[in-house]
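Asks: I need the structure of the sequence given here:
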Amino acid sequence: MVMTPTNRRGAAARLALALVLTTPIVARAQATNPPGIASTAPAEAPAASSAPTLPPDVQLVKFRVPEGVALELLGPATEPLPTGVAPDLIAMKVGVAYHLKLSKFAERPDAVLYPVVEVVGHLHRPSGIDPSKFPIRVPFRDSDILDAIDRNRMVSEVIYLEDPEQALPMALPKGEIPVATLTAGENPLKVAAKLGRVMAMVTLGGRAPTADEIATVSGSGLTSGPCPFVGPSGPCGLPCGPVTGTPPPPGRPWLPKDEFICDGGDRDTPLQFIGDGGLRGIDPRDALIVFNDGRRPRVLPTNMVCIYAPRFAAVLVSLAAVGNVTVQGPRGAEILERQQTTALRQPTLKFVRNETLVLARHRMRPSNLQNRAIAGGVAELRVLDGLVGGVRATAIKTPVGAETLKNRRKAMGIKTLAKPVGIKTAESAVVTGLVQGPMQTVMTWPAREVAGSETPPNLPGLAVIKRVSTGVAEPGDVITYSIQYRNMGNTPISSVSIIDSLTARLEYVPRSAKGPAGTVFTAGENKSGGTELRWDLPGALAPGAEGYVTFEALVR
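Replies: Prediction:
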């Protein structure tokens with residue numbers, strides 16, 4: 001095979017790319033983007049100039065009240081809304097307690113409630129994202145309103161940003177958030193801090209605030225601690241309420257991962273094959289491709305793709321205004337259990353056994369054998385002459401001849417000589433020049449030509465990349481994912497399967513999965529309540545061949 005320098009460099013580059021088996025590869029220029037996927041990276045957010053800007057210590061809040069109920073702000077004054085933000089949103093400063101008024105209830109027209117709302121947390125939105133898409137949602141439900149009016153109870157509600165690792169696999173109508181009711185003995189602030197990041201605190205009661213309380217700007221003081229996260233422009237530097245999650249190692253920034261939905265890659269337990277050929281370590285959020293390179297099965301995780309999609313949730317507890325809650329600690333339960341155990345304790349009965357002296361006598365038959373034989377020995381007993389002898393079985397030795405030993409060692413001296421692969425090159429001669437006339441010289445320099453033979457080895461290689469149709473999504477949106485693959489080696493790859501285990505916040509849209517003709521698709525539930533998708537591709541993947549699979553998911 002004759003190769004020019006350009007072709008030779010291209011062959012070397014292809015061989016280098018074929019070695020990639022353990023890390024995801026960015027899609028090559030030759031690859032064709034799947035339908036609905038604009039580029040190799042998540043769709044970028046709109047330009048910063050087109051989105052309203054908001055100070056980091058001001059958060060947008062959206063209240064949801066029953067139909068016909070009037071909501072009025074008593075004080076203090078809220079922050080001005082940026083241009084382009086819907087008027088049903090309220091801009092509240094972090095750390096300030098705001099007093100509201102609820103009236104005109106359909107079933108209780110004369111009743112009035114006075115909620116108090118305090119924002120204690122904030123979001124770290126990337127630049128260019130519209131803040132009006134992700135306001136802190138505060139719901140006032142009919143059941144809570146009637147509980148506060150009819151039973152004269154105070155309803156305490158804590159709004160928190162869900163930790164994606166602990167998110168519930170449930171989808172709600174757009175604009176609603178999941179709410180959990182606690183018992184009287186549970187602290188809603190501590191429970192919310194365990195499930196996510198505390199964002200706001202709400203109290204709903206019938207006591208009207210005084211003028212001094214309305215004019216007071218300071219809140220509960222929960223925002224006194226510094227925020228440990230890093231925003232788009234560096235360290236946050238703002239006060240923050242209780243947070244959850246595992247801090248990163250020293251020297252690494254703590255990113256607000258609870259504001260993103262990340263899917264793909266290899267999470268938690270490493271992917272590995274077990275003895276019976278099965279695959280272990282497929283955790284929720286993992287995405288991988290399994291194939292056979294002709295020698296053994298291999299597994300390659302995809303890259304991780306993230307979209308900005310924070311989701312809020314709430315926990316609440318209802319307490320009577322004059323009620324007392326008694327919580328009994330573990331010590332009280334221990335003392336009560338000890339008293340019950342003492343009352344049921346009974347002394348053991350004494351057992352006496354009487355036997356005659358004759359029954360207690362020990363009889364032993366005399367024996368003529370006095371010696372003990374070691375383990376593995378053979379003992380012989382002769383009664384007539386009283387000879388007792390033993391033969392050790394371990395004393396028997398089997399001689400091995402020199403010829404036998406020589407034959408056993410002969411195999412160790414066998415060596416195999418491998419013929420080296422040679423590359424032959426030839427370089428043409430150089431023509432210097434030709435004198436044409438006086439004071440004139442014509443120079444001729446032909447291009448160098450290199451001729452050689454090169455036999456590339458059989459090296460398998462596979463590239464895989466995961467993509468998403470958008471970089472920002474709200475709960476209730478439908479997004480499209482795709483996983484693209486390409487055989488970068490020079491040998492066929494068989495038994496190709498693509499597996500994608502979705503997180504709890506992604507719900508697979510039925511009958512939306514697509515793949516090459518002949519692909520066998522299956523969907524099942526994973527251990528987090530999400531869905532595990534699997535595509536078994538038909539036949540073998542030839543060198544240079546590529547393809548993709550796609551599916552749609554609902555953001556919960």
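Asks: all helices of the protein, in order?
Replies: 5-17, 142-150, 188-195, 211-215, 330-344, 402-410 (DSSP state H).
Asks: mean pLDDT lowest where, among these?
Replies: When the helices of the chain are compared by mean pLDDT, helix 5-17 comes last with a mean of 39.
Asks: low-confidence ranges in the stretch 401-550 of the chain?
Replies: Scanning the stretch 401-550 of the chain with the threshold set as pLDDT under 70 gives 401-456.
Asks: the closest residue to Ala111 other than its chain neighbours: what's it in contact with?
Replies: With Cβ to Cβ, 6 or more residues apart in numbering as the criterion, Ala111 has its nearest non-adjacent residue at 4.6 Å, and that residue is Ile149. Heads up, the C-betas are built off the backbone N, CA and C, glycines and all. Shown in contact with Ile149 (Cβ atoms under 8 Å, 6 or more residues apart in numbering): 105, 108, 111, 113, 206.
Asks: now the second one: how far from Asp150?
Replies: Using Cβ to Cβ, to the nearest Å, we find Arg108 at a distance of 8 Å from Asp150.
Asks: with Lys190 instead?
Replies: Using Cβ to Cβ, Lys190 is found at 28 Å from Asp150.
Asks: hang on, the earlier thing: and Arg108 and Asp150? which has more neighbours close in?
Replies: Shown here are Arg108 and Asp150; by other Cβ atoms under 10 Å, Arg108 has more neighbours (14 against 11).
Asks: now do the contacts for that one.
Replies: Counting by Cβ under 8 Å, 6+ apart, Arg108 makes contact with 146, 149-150.
Asks: can I get these in a markdown table with distance to Gly539?
Replies: Below are the contacts of Arg108 laid out as a markdown table (distance: Cβ to Cβ, whole Å):
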| residue | distance to Gly539 |
| --- | --- |
| Leu146 | 64 |
| Ile149 | 69 |
| Asp150 | 69 |
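Asks: which one of those residues sits closest to Gly294?
Replies: When the contacts of Arg108 are compared for distance to Gly294 (Cβ to Cβ), Leu146 wins out at 69.8 Å.
Asks: correct me if wrong: the closest one contacts Glu107.
Replies: Yes: with contact defined as Cβ atoms under 8 Å, Leu146 reaches Glu107; the gap is 7.3 Å.
Asks: out of those two, which sits in the busier spot?
Replies: Leu146 (15 against 11).
Asks: distance of the more buried one relative to Pro209?
Replies: Between Leu146 and Pro209 the computed distance is 22 Å (Cβ to Cβ).
Asks: likewise for Leu161?
Replies: 28 Å.
Asks: those two: who's more crowded?
Replies: Neighbour tally, Leu161 and Pro209, criterion other Cβ under 10 Å: the higher count belongs to Leu161, 26 against 18.
Asks: per-residue pLDDT of the residue lying closest to the more buried one once chain neighbours are set aside, please?
Replies: Excluding the flanking residues, the one nearest Leu161 by Cβ to Cβ, 6+ apart is Arg197, at 4.4 Å. At Arg197, the model reports a pLDDT of 93.
Asks: contacting residues around Arg197?
Replies: Counting by Cβ under 8 Å, 6+ apart, Arg197 touches 121, 160-161, 163, 241-244, 258.
Asks: now Arg137
Replies: With Cβ under 8 Å, 6+ apart, Arg137 has these contacts: 61-62, 64, 159, 175-177, 312.
Asks: looking at those residues, spot the one nearest Pro543.
Replies: Of all the contacts of Arg137, Phe312 has the smallest distance to Pro543: 49.8 Å, by Cβ to Cβ.
Asks: that closest one reaches Tyr160, doesn't it?
Replies: Yes: Phe312 is within contact range of Tyr160, at 7.0 Å (criterion: Cβ under 8 Å).
Asks: when those two are compared, which one has more neighbours?
Replies: Comparing Phe312 with Tyr160 by neighbour count (other Cβ under 10 Å), the higher total belongs to Tyr160, at 31 against 23.
Asks: state the distance from the more buried one to Val472.
Replies: Look at Tyr160 and Val472: by Cβ to Cβ, they are 21 Å apart.
Asks: do the same with Ile177
Replies: Ile177 sits 18 Å away from Val472, going by Cβ to Cβ.
Asks: who's more crowded, those two?
Replies: More neighbours surround Val472 than the other of Ile177 and Val472, with 21 against 18 (other Cβ under 10 Å).
Asks: how about the more buried one, nearest residue that isn't a chain neighbour?
Replies: Nearest one to Val472, counting by Cβ to Cβ, 6+ apart, is Tyr308 at 4.9 Å.
Asks: quick one: residues contacting that neighbour.
Replies: Contacts for Tyr308 (Cβ under 8 Å, 6+ apart) come out as 45, 125-126, 129, 259-260, 471-473.
Asks: again with Ile90
Replies: 60-63, 73, 78.
Asks: can you check the pLDDT for it?
Replies: For Ile90, the predicted pLDDT is 95.
Asks: please apply the same query to Ala184.
Replies: Ala184 is given a pLDDT of 88.
Asks: quick check: it vs Arg153, distance?
Replies: Separation of Ala184 from Arg153 (Cβ to Cβ): 10 Å.
Asks: overlap of the contact sets of the two?
Replies: Common contacts of Ala184 and Arg153, defined by Cβ under 8 Å, 6+ apart, comprise 318-319.
Asks: rewinding a little: list buried members of the contacts of Ile90 by neighbour count.
Replies: In these, burial by neighbour count holds for 60-63, 78, counting by 16 or more other Cβ atoms under 10 Å.
Asks: okay, the residues you listed in JSON lines with pLDDT and distance to Ala51 next?
Replies: Shown next, in JSON lines, are the buried ones among the contacts of Ile90 (pLDDT from 0 to 100; distance: Cβ to Cβ, whole Å):
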{"residue": "Leu60", "pLDDT": "96", "distance to Ala51": "13"}
{"residue": "Val61", "pLDDT": "97", "distance to Ala51": "18"}
{"residue": "Lys62", "pLDDT": "96", "distance to Ala51": "17"}
{"residue": "Phe63", "pLDDT": "96", "distance to Ala51": "23"}
{"residue": "Thr78", "pLDDT": "93", "distance to Ala51": "21"}
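Asks: for Ser501, what are its contacts?
Replies: Counting by Cβ under 8 Å, 6+ apart, Ser501 has contacts 282-287, 526, 530-533.
Asks: just name the closest of these to Gly237, please.
Replies: Distances from Gly237 to those, taken by Cβ to Cβ, are shortest for Arg285, at 30.6 Å.
Asks: and the pLDDT at that closest one?
Replies: 90.
Asks: residues near it, how many?
Replies: 26.
Asks: ditto for Pro538
Replies: For Pro538, using other Cβ under 10 Å, the count is 12.
Asks: got phi/psi on the closest residue to it other than its chain neighbours?
Replies: Spatial nearest neighbour of Pro538, excluding adjacent residues (Cβ to Cβ, 6+ apart): Gly518 at 3.5 Å. As for Gly518, its main-chain torsions (degrees, to the nearest 10) stand at phi 90, psi 0.
Asks: measure Gly518 to Gly539 for me?
Replies: Taken as Cβ to Cβ, the span from Gly518 to Gly539 is 7 Å.
Asks: and if you look at Ala106?
Replies: Distance of Ala106 to Gly539, given as Cβ to Cβ: 65 Å.
Asks: for Ser127, same thing?
Replies: Ser127 is 46 Å from Gly539, by Cβ to Cβ.
Asks: right, I'll leave it there.
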